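Asker: Sequence and predicted structure below; questions after.
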Amino acid sequence: MAFEKGARSDFLHLSRIIAKLVGNLTKSLFKLTEQPDMETLRNQLNAECAYRMKDETMDMFLGLMTELKLKRHEALIPYGKVDDNVYVVRKGIIRTVYFEGLKEVTFAFALPGTLKISYYSFCKGTPSFSKYVACCDSVVMKVTKAQFIGLMQQSPDFARWVSHMSLEQLFFHEMKREVVNGDARERFEALIENRPEIIENVSARIIASYIGVTPQYLSKLQREYWQKQRAGLNKI
């Protein structure tokens with residue numbers, strides 16, 4: 001009997017060890033699966049502004065994030081909703097939309113690594129003036145306002161990164177006016193040459209709204225652009 005009890009105890013002990021090893025192995029495999037994706041996001045965030053936060057600061061920021069998956073045309077932040085969360089685009093494209101009377105206007109696109117915030121909600125706690133919607137199946141990472149502010153208070157390094165990020169986003173909006181300045185043809189060519197992924201993944205109706213033309217005229221611009229490109233290749 002003593003032998004049987006001892007054998008049973010050893011068996012249970014061995015079972016716990018095996019279960020723990022399997023659990024650790026599963027976690028390790030999960031981390032290996034997730035690692036390239038999060039490493040890509042880390043690099044994208046670092047590329048968003050000139051200031052590079054420390055690795056340990058980035059780890060704290062990434063550790064706060066929860067994942068949200070959006071279907072094409074699904075709203076991340078609808079019109080008129082108070083949403084003070086901070087979002088980071090991980091995959092896909094998110095567009096910012098507002099209304100001019102009854103006309104819906106696409107103001108901006110956010111690609112992977114970009115922060116999206118309703119500043120009306122974040123700064124004043126008021127409903128969002130704009131709508132933020134997925135142009136294609138997308139993944140965003142969410143950080144609550146309390147977590148975001150808390151990390152800024154905890155980490156001067158993160159606060160500096162946020163400051164640099166904010167200034168560079170303001171610069172980008174001014175630069176965009178230069179990039180998409182000119183007539184419709186120049187705006188289209190600037191978009192296709194600077195942001196080809198938008199042309200590839202966003203509907204013609206939305207792109208037409210962004211550059212301020214009708215979908216029919218956009219189709220004409222696309223035909224003329226590719227005809228010019230083919231003619232150029234034929235000369236080589």
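Answerer: Good, I have the coordinates.
Asker: so where's this structure uncertain?
Answerer: 1-36, 176-182, 232-236 (pLDDT under 70).
Asker: Domains in it, by residue range?
Answerer: Using automatic domain parsing, the domain ranges for the chain come out as 1-47, 53-155, 180-236.
Asker: Identify, out of those, the most deeply packed stretch.
Answerer: Mean neighbours per residue, mean count of other Cβ atoms under 10 Å, is largest over the domains of the chain for domain 53-155, with a mean of 17. In short, each C-beta sits where N, CA and C put it, glycine included.
Asker: Can you name every helix or strand that whichever strand or helix holds residue 152 contacts?
Answerer: Using DSSP states H and E, residue 152 falls within helix 145-154. Applying 3 or more Cβ pairs under 8 Å, 6 or more residues apart in numbering; DSSP states H and E, one finds that helix 145-154 makes contact with helix 55-63, helix 156-179.
Asker: Tell me which of those helices lies nearest to residue 140.
Answerer: Nearest to residue 140, of all these, is helix 55-63, at 13.6 Å by Cβ to Cβ.
Asker: Could you tell me the angle between the following helix or strand past that closest one and helix 145-154?
Answerer: Proceeding C-terminally, helix 55-63 gives way to strand 66-70 as the next helix or strand, assigned by DSSP H and E. Angle, strand 66-70 to helix 145-154, by axes from the mean of the first three to the mean of the last three Cα atoms, to 10 degrees: 140 degrees.
Asker: returning to that earlier point: out of the domains of the chain, nearest to residue 172?
Answerer: Among the domains of the chain, domain 53-155 sits nearest to residue 172 (Cβ to Cβ), with 8.9 Å.
Asker: before we move on, back to that, the helices and strands packed on helix 145-154: which one's closest to residue 117?
Answerer: Here helix 156-179 is closest among the helices and strands packed on helix 145-154 (Cβ to Cβ), at 9.5 Å.
Asker: Contacts only, for the residue nearest the centre of the chain.
Answerer: Centroid-nearest residue in the chain, with Cα atoms, centre = their mean: residue 89, separated by 1.0 Å. The contact partners of residue 89, by Cβ atoms under 8 Å, 6 or more residues apart in numbering, come to 110-114, 116, 138-140.
Asker: can you give me the strands for the chain?
Answerer: Secondary structure of the chain (DSSP state E): strands at 66-70, 75-77, 86-91, 94-100, 103-110, 115-116, 131-134, 138-143.
Asker: now for these, which one comes closest to residue 175?
Answerer: Checked against Cβ to Cβ, the stretch from those lying closest is strand 103-110, at 12.1 Å.
Asker: contacts for that closest one?
Answerer: 89, 93-99, 116, 130, 132, 135, 173, 176, 195, 198, 202, 206-207, 209-210.
Asker: what about 10 Å?
Answerer: Applying Cβ atoms under 10 Å, 6 or more residues apart in numbering, the contact partners of strand 103-110 are 76, 87-89, 92-99, 114, 116, 130-133, 135, 138, 140, 169, 172-173, 176, 191, 195, 197-198, 201-202, 205-212.
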